[in-house]
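S.K.: build me a model from this:
(chains A, B, C and D)
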There are 2 protein chains.
Amino acid sequence: MSKNETKSDQHKERILNISREMFAQNGYEATTTRMINQAAGTAEGLMYYYFPHGKHEILDTIVHQGIINRVSELQAEFSECSTKTDLEEELMLMFDNIWQVFQDEENYQSFVITIHERTLLSNDQADWLLQVLEGLVDEIAKQLKAAPVLQSRPDSQFGPLARVIVSIFQKVIYDELLIKNNRQLTQQMRDQIKPQLSVVL
Amino acid sequence: MSKNETKSDQHKERILNISREMFAQNGYEATTTRMINQAAGTAEGLMYYYFPHGKHEILDTIVHQGIINRVSELQAEFSECSTKTDLEEELMLMFDNIWQVFQDEENYQSFVITIHERTLLSNDQADWLLQVLEGLVDEIAKQLKAAPVLQSRPDSQFGPLARVIVSIFQKVIYDELLIKNNRQLTQQMRDQIKPQLSVVL
DNA sequence: GTCTATAAACCGATAGAC
DNA sequence: GTCTATCGGTTTATAGAC
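M.R.: Numbering: from 1, shown residues only, chains lettered A, B, ... in the order given. Next up, the predicted model:
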């Protein structure tokens, strides 16, 4: 938060960053406090000074700093899309931006941890993921409504349509990040999304 | 496989079933071999008779028996859908059937374990999930092509359209099973899917 | 705030009797 | 095949010096 961090705050953040990295890579249970302390270069006892409740408090802190902020900053601008092709390209651009969010290590790790360690979290802790997705649906719906090329559509269609588009994006992202374990945006992925957008618009 | 199981085979399956249950509920690392043996009612050493490579071999065996068989049995029949409403209802029925697959404890647990313990698995081990989804896309595409109400559409649209439909289903299932931790099929879910199908068909 | 040393419990795996 | 007993190593967490 504050710009002029004390040395101690740096230690705390070091522990958090290392932990986030290791939790995402090897899982929460498989990551020992020793591994964290060693990688962070801090002594055994120090961790319990910053996180009195131990290892689980580190996990809670990490999850609490989800990527909700950055994704909610995602904005679209379809108000100048006068043709279907324009709109498709604008939506592809939006997918690229969403994908880009996960290129940020911290965002990617928070996401993976929330999914993988779901059984250790409360419903509230996992909820930020749904909030991000709902926010995305709302933003896309709003922008679709402003797109000139879609003016002939009844108002009731924009909500479901936005949800379909998010579903298309979400499937690709989950398939790649969670199952294939791939973080590289390939042309193959874009070639698969584009005809789907084309068929629903 | 064989109908007349020996007593020993029962022991092996007991260990597998208990493990699958506990891995899904508490995670692989958090589940100790002692917990498994105690719940299965078998002695400490016996586990290593059936699984000489230890705990990880149990995980491998569980993942190897994924739900690939049952989901691939899912079939649709759209050849008598002469109106859009018919087709929508048939697709909703198909969603119900997919959801039903995860009501089977073994299927649900295999799914959750494959996602949560992804870091412990090879690409090949996680791949069965993608195969199931691809099989579903193919099946739906084939059936859409046979639907009378869609005969006016160009052939090239059926593939992308089927993929969109699977995306819609997959988003709901992942959101509910992986994030909300909900296994109950609610009317709210169906009310959300239906207008999406309506807008893409 | 940061360190070292260690407690107390637990882990996966094995040895060997029956 | 199934059991009991236990090894060697590791875990989270704490106590207490500086």
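
S.K.: and stretch A:13-20, what's buried?
M.R.: For stretch A:13-20, a neighbour-count test (16 or more other C-beta atoms under 10 Å in any protein chain shown) marks A:14-20 as buried. Just so you know, the C-beta spots here come from the backbone N, C-alpha and C atoms, and that holds for glycine as well.

S.K.: go on, stretch A:59-68?
M.R.: Neighbour-count burial for stretch A:59-68 flags A:59, A:61-63, A:66-68 (criterion: 16+ other C-beta under 10 Å).

S.K.: thinking again about what came up before, could the buried residues of stretch A:13-20 go into JSON lines alongside pLDDT, secondary structure and distance to DNA strand D?
M.R.: Formatted as JSON lines, the buried residues of stretch A:13-20 follow (pLDDT from 0 to 100; DSSP: H, G, I helix; E, B strand; the rest coil; distance: C-beta to the nearest atom of the strand, whole Å):
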{"residue": "A:Arg14", "pLDDT": "97", "secondary structure": "helix", "distance to DNA strand D": "17"}
{"residue": "A:Ile15", "pLDDT": "98", "secondary structure": "helix", "distance to DNA strand D": "13"}
{"residue": "A:Leu16", "pLDDT": "98", "secondary structure": "helix", "distance to DNA strand D": "15"}
{"residue": "A:Asn17", "pLDDT": "98", "secondary structure": "helix", "distance to DNA strand D": "18"}
{"residue": "A:Ile18", "pLDDT": "98", "secondary structure": "helix", "distance to DNA strand D": "14"}
{"residue": "A:Ser19", "pLDDT": "98", "secondary structure": "helix", "distance to DNA strand D": "11"}
{"residue": "A:Arg20", "pLDDT": "98", "secondary structure": "helix", "distance to DNA strand D": "15"}
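
S.K.: and which of those residues is nearest to B:Arg153?
M.R.: Using C-beta to C-beta, A:Arg20 comes nearest to B:Arg153 of those, at 47.3 Å.

S.K.: my read: that closest one touches A:Gln109, true?
M.R.: Yes - A:Arg20 is in contact with A:Gln109 according to C-beta atoms under 8 Å; the separation is 4.7 Å.

S.K.: quick check: longest helix of chain A.
M.R.: Using DSSP state H, we find that the single longest helix of chain A is helix A:123-145.

S.K.: show me what that one packs onto, helices and strands only.
M.R.: helix A:55-64, helix A:68-72, helix A:105-116, helix A:158-174 (3 or more C-beta pairs under 8 Å, 6 or more residues apart in numbering or on different chains; DSSP states H and E).

S.K.: by how many degrees do the third one and helix A:123-145 diverge?
M.R.: Our comparison of helix A:105-116 with helix A:123-145, counting by axes from the mean of the first three to the mean of the last three C-alpha atoms, to 10 degrees, yields an angle of 120 degrees.

S.K.: equivalent analysis for the longest one, please.
M.R.: Between the axes of helix A:158-174 and helix A:123-145, defined by the same axes, to 10 degrees, the angle is 120 degrees.

S.K.: helix A:158-174 and chain B, any residue contact?
M.R.: Yes - Helix A:158-174 reaches chain B (C-beta under 8 Å from any C-beta of the partner chain) through A:159-161, A:163-164, A:166-168, A:170-171, A:174.

S.K.: quick revisit: distance to chain B added to the buried residues of stretch A:13-20, as TSV?
M.R.: Formatted as TSV, these follow (distance: C-beta to the nearest C-beta, whole Å):
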residue	distance to chain B
A:Arg14	23
A:Ile15	21
A:Leu16	20
A:Asn17	19
A:Ile18	17
A:Ser19	15
A:Arg20	14
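
S.K.: report the two of these separated the most.
M.R.: Greatest spatial distance in these: A:Arg14 and A:Arg20, 11.0 Å, computed using C-beta to C-beta.

S.K.: of the buried residues of stretch A:59-68, the lowest pLDDT goes to which?
M.R.: Lowest pLDDT of the buried residues of stretch A:59-68: A:Ile68, 70.

S.K.: now for the buried residues of stretch A:59-68: which two are most distant?
M.R.: Farthest pair in the buried residues of stretch A:59-68, by C-beta to C-beta: A:Leu59 and A:Ile68, 17.0 Å.

S.K.: can you flag the weakest of the helices and strands packed on helix A:123-145 by average pLDDT?
M.R.: Taking the mean pLDDT of these, helix A:68-72 comes last: a mean of 70.

S.K.: other SSEs contacting that one?
M.R.: Here helix A:68-72 touches helix A:84-103, helix A:123-145, going by 3+ C-beta pairs under 8 Å, 6+ apart.

S.K.: can you list contacts of the last one?
M.R.: So that's helix A:123-145. With contacts defined as C-beta atoms under 8 Å, 6 or more residues apart in numbering or on different chains, helix A:123-145 is touched by A:60, A:63-64, A:66-68, A:71-72, A:74-79, A:94, A:98, A:111, A:114-115, A:118, A:150, A:155, A:158-159, A:161-163, A:165-166, A:170, B:175, B:179-181.

S.K.: which of these are buried? Put it as a ChimeraX command.
M.R.: The ChimeraX selection below is limited to those of the contacts of helix A:123-145 classed as buried (16+ other C-beta under 10 Å):
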select /A:63,66,67,68,71,74,76,78,94,98,111,114,115,118,150,158,159,161,162,163,165,166,170 /B:175,179,180
